[in-house]
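Chemist: Got a sequence here, can you model it:
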Amino acid sequence: MVANSYPPNIQKPLVVLSTSSQLGGAEISLLKNLLLLSEKLQCVLVCKPELESLLREKYKNDLPNALRIFPSLHNLNSDRQINRLAINRLRKIVEQVLNARELRTIVKKFEPASIYVNDTPGILTSKLARLPNARGQSLVHARDDYSLRSVGRLRRLILKWSMNGVTHVIANSSYTLAGVASLVSDRTAIRVIPSIVDEPDAKIFDGTVVPSAKGPSTIGMISRISAQKGQMALLRAFLKIHSQYDARLILIGSPLFGEESEHTKIINFISNNGLSEKVELRSQIDSSQVYQEIAKLDICVHPTTEPEPLGQIVIQYLKMGRATLVSNEGGYLDWVKDGSNAVLCRANDTEDLAVKLANLIEDKNLRKKIGEAAKATGYPSREQIGFDLLEAINEFQKSGKRH
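Modeler: Alright, predicted model coming up:
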């Protein structure tokens, strides 16, 4: 299917719920979706004032006129200085109740409206907004890891209750689908639609894959810092092999909230093991600069210690035709084939990571072969994803179900 064969315009307004106060990956993906959806239907974004400010600051005149924004959600920030889990949990509960009330008011204003839930906390908010007499219908765009290992028993019980009655789910990968499928009924329509990943500018990447010329091989990882992302695993693997090769390592990213100690651990590891001359640690870059930084790398690594729902940065590595080394679990496995367009290593296995990394450093022909296959991966275009998304919403709104 192509863009000019999009489904017909959808008549019902779509109330889009985003409960985040930060402009993270899910919110950027949401905005890309809204830029497409607003061409075909009326979209009403319900969010927190902080997110609206970030959106208007970042995208300025790019926000579509057909998109109406209601920054009416509450943000009862958890106090980072208060080490009382019970108090912060109570704040989150109160926030959920207040936001459900706000959402209920907006849904009534645009009735008969459908709710498109963009993030996991919004699932509970949407459920509470339906009480006591459930009306309308909800579509959940699942972007998180819903496995028991990730969310725990109590949160899974809450999620299962919140998902009760949801008629349609969009998952961003097969991995996400597997986790969310156990939370909904057999009657729920579920389909996989990956997130939009922009193409690299032709000025940055002309499609030619060339291994590095003379000089050290440049290994890189672009990701927010956390224990789960695997920066420490990569450093330990690099420590095992760095003395044997003319190679350097670049880590780009700032710590996620609550992961400041992991950042400190990385700094100390580099210093204590004499890696300061070979390892460069940079702060987070803007999303518009990612492809520019990837273009400077010979080998791209993403050695997560826990599965990621999609792993957009891996898709960007592939689009740039780079030799890519990733852990053997996560949503990006929908697009990665070991030994073809990427190399897989066992998650949480430093020895295996070191061996696979050494192989890529040693063999420039292997890097080129994998890079050529990477750029030909065939990840769906913006137009194809837009068609699939509109088709899913069209089917969802035509279902006529109420819950």
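
Chemist: CA atoms for contacts and neighbours, from now on please.
Modeler: Noted.

Chemist: Longest helix in this protein, by number of residues?
Modeler: Longest helix in the chain, counting residues (DSSP state H): helix 85-109.

Chemist: any idea of the mean pLDDT in that one?
Modeler: Mean pLDDT, computed over helix 85-109, is 86.

Chemist: What of stretch 250-267?
Modeler: On average, stretch 250-267 scores 95.

Chemist: now swap in stretch 121-139 and tell me
Modeler: For stretch 121-139, mean pLDDT rounds to 81.

Chemist: How far off centre is it?
Modeler: 24 Å (CA atoms, centre = their mean, to the nearest Å).

Chemist: could I have it exported to CSV, CA atoms only?
Modeler: Output in CSV follows, covering the C-alpha atoms of stretch 121-139 (Å, rounded to 0.1, in the frame of the first residue of the first chain):
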residue,chain,number,x,y,z
PRO,A,121,0.3,5.0,32.8
GLY,A,122,-2.4,6.3,30.5
ILE,A,123,-4.0,2.8,30.4
LEU,A,124,-5.0,3.1,34.0
THR,A,125,-6.0,6.8,33.6
SER,A,126,-8.3,5.8,30.7
LYS,A,127,-9.8,2.9,32.7
LEU,A,128,-10.6,5.2,35.6
ALA,A,129,-12.1,7.8,33.3
ARG,A,130,-14.6,5.2,32.1
LEU,A,131,-15.9,4.5,35.6
PRO,A,132,-18.6,4.1,36.9
ASN,A,133,-20.5,3.6,33.6
ALA,A,134,-18.0,2.7,30.9
ARG,A,135,-18.6,4.5,27.6
GLY,A,136,-16.7,4.9,24.4
GLN,A,137,-13.8,2.8,23.3
SER,A,138,-10.0,2.7,23.8
LEU,A,139,-7.1,1.7,21.7
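
Chemist: For it, buried residues please.
Modeler: 121-130, 135-139 (16 or more other CA atoms under 10 Å).

Chemist: likewise stretch 285-294?
Modeler: Residues of stretch 285-294 classed as buried: 290, 291, 292, 293, 294 (neighbour count, 16+ other CA under 10 Å).

Chemist: for the buried residues of stretch 121-139, which one is nearest residue 257?
Modeler: Within the buried residues of stretch 121-139, the smallest distance to residue 257 is 17.0 Å, found for residue 121 (CA to CA).

Chemist: I'd like to know which elements the host helix or strand of the closest one is packed against.
Modeler: Assigned by DSSP states H and E, residue 121 belongs to helix 120-130. Counting contacts by 3 or more CA pairs under 8 Å, 6 or more residues apart in numbering; DSSP states H and E, helix 120-130 is packed against helix 85-109, strand 114-117, strand 137-142, helix 148-163.

Chemist: Low-confidence stretches in the stretch 151-300 of the chain?
Modeler: 210-215 (pLDDT under 70).

Chemist: Now do the helices in it.
Modeler: Along the stretch 151-300 of the chain, counting by DSSP state H, counting those that start in this stretch, helices occupy 174-181, 231-241, 260-272, 290-294.

Chemist: contacts for the shortest one?
Modeler: Put plainly, it is helix 290-294. The contact list for helix 290-294 (CA atoms under 8 Å, 6 or more residues apart in numbering) reads 200, 204, 220, 222, 300, 316, 317, 320, 322.

Chemist: Give me the distance from that helix to the chain's centre.
Modeler: 17 Å.

Chemist: With the first one instead?
Modeler: Distance of helix 174-181 from the chain centroid (CA atoms, centre = their mean) equals 14 Å.

Chemist: I'd like the numbering to begin with 785 instead of 1 from here.
Modeler: Yep, numbering from 785; the last one is helix 958-965 now.

Chemist: Show me which parts of that helix are buried, residue by residue.
Modeler: Taking 16+ other CA under 10 Å as the criterion, helix 958-965 shows 958, 959, 960, 961, 963, 964, 965 as buried.

Chemist: got TSV for the residues you listed, with distance to residue 836 too?
Modeler: Putting these into TSV (distance: CA to CA, whole Å) gives the following:
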residue	distance to residue 836
958	31
959	30
960	27
961	29
963	30
964	28
965	32
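
Chemist: quick one on the thing from earlier: next step: the contacts of helix 1074-1078 restricted to strands.
Modeler: When DSSP state E defines the strands, the subset of those inside them is 1004, 1006, 1084.

Chemist: Which residue, other than its chain neighbours, is closest to the second one?
Modeler: In other words, residue 1006. residue 1036 (4.7 Å; CA to CA, 6 or more residues apart in numbering).

Chemist: wouldn't the one you found be in contact with residue 1015 here?
Modeler: No - judged on CA atoms under 8 Å, residue 1036 makes no contact with residue 1015 at a distance of 9.8 Å.

Chemist: Report the separation between the residue nearest the centre of the chain and residue 928.
Modeler: The C-alpha lying nearest the average C-alpha coordinate of the chain belongs to residue 809 (CA atoms, centre = their mean; 4.8 Å). Separation of residue 809 from residue 928 (CA to CA, to the nearest Å): 11 Å.
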